[in-house]
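Asks: how does the following fold in three dimensions:
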Amino acid sequence: MLFAIFLGTQVAITLAHFTARKYKEQVVPLVVRSAIAGIIGGRLWQVLFFTPPYYFAHPVQMLTIWNGGLAIQGGLVGGVVFGIYYVPKSRFRFGRWPIFWLPP
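Replies: Numbers count the residues shown, from 1 in each chain. Prediction:
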């Protein structure tokens, strides 16, 4: 699982470098922080919506992502929430950020 997250992060960084060359200094912090927010969001979603009675009875197990997994819905929510937080604090207007999503 961690290898897949690392590989996906590297692919996103590489594609963003080719697509938006003049924003290179913003690419790595954005991608790394988005990946961390996605992992946290995925784990929170798994804990709060799929099996909350188990995790509330065993709170230490909330931190063991290798035993319970991550939920893709929470990863998406975590990434979007982080994006809503990060983009206004960055130096760029929101209208310039979608260039990262376009293929080269």
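Asks: okay, the residue lying farthest from the centre of the chain: pLDDT?
Replies: Taking C-alpha atoms, centre = their mean, the residue of the chain most remote from its mean C-alpha position is residue 57, at 27.6 Å. For residue 57, the pLDDT comes out at 93.
Asks: now swap in residue 97 and tell me
Replies: 55.
Asks: again with residue 14
Replies: With respect to pLDDT, residue 14 has a value of 82.
Asks: list the buried residues in the top helix by length along the chain.
Replies: Using DSSP state H to define each element, the chain has its longest helix at helix 24-45. In terms of neighbour count (16 or more other C-beta atoms under 10 Å), helix 24-45 has its buried residues at 26-27, 30-31, 34-35, 37-45. In short, each C-beta sits where N, CA and C put it, glycine included.
Asks: residues touching the next helix or strand after it, excluding its own?
Replies: Next helix or strand after helix 24-45 toward the C-terminus (DSSP states H and E): helix 52-57. Helix 52-57 is contacted from outside by 47, 61-62, 68, using C-beta atoms under 8 Å, 6 or more residues apart in numbering.
Asks: out of those residues, which end up buried?
Replies: By 16+ other C-beta under 10 Å, the contacts of helix 52-57 give 47, 62, 68 as buried.
Asks: which one of the buried residues of helix 24-45 is nearest residue 6?
Replies: residue 35 (8.7 Å; C-beta to C-beta).
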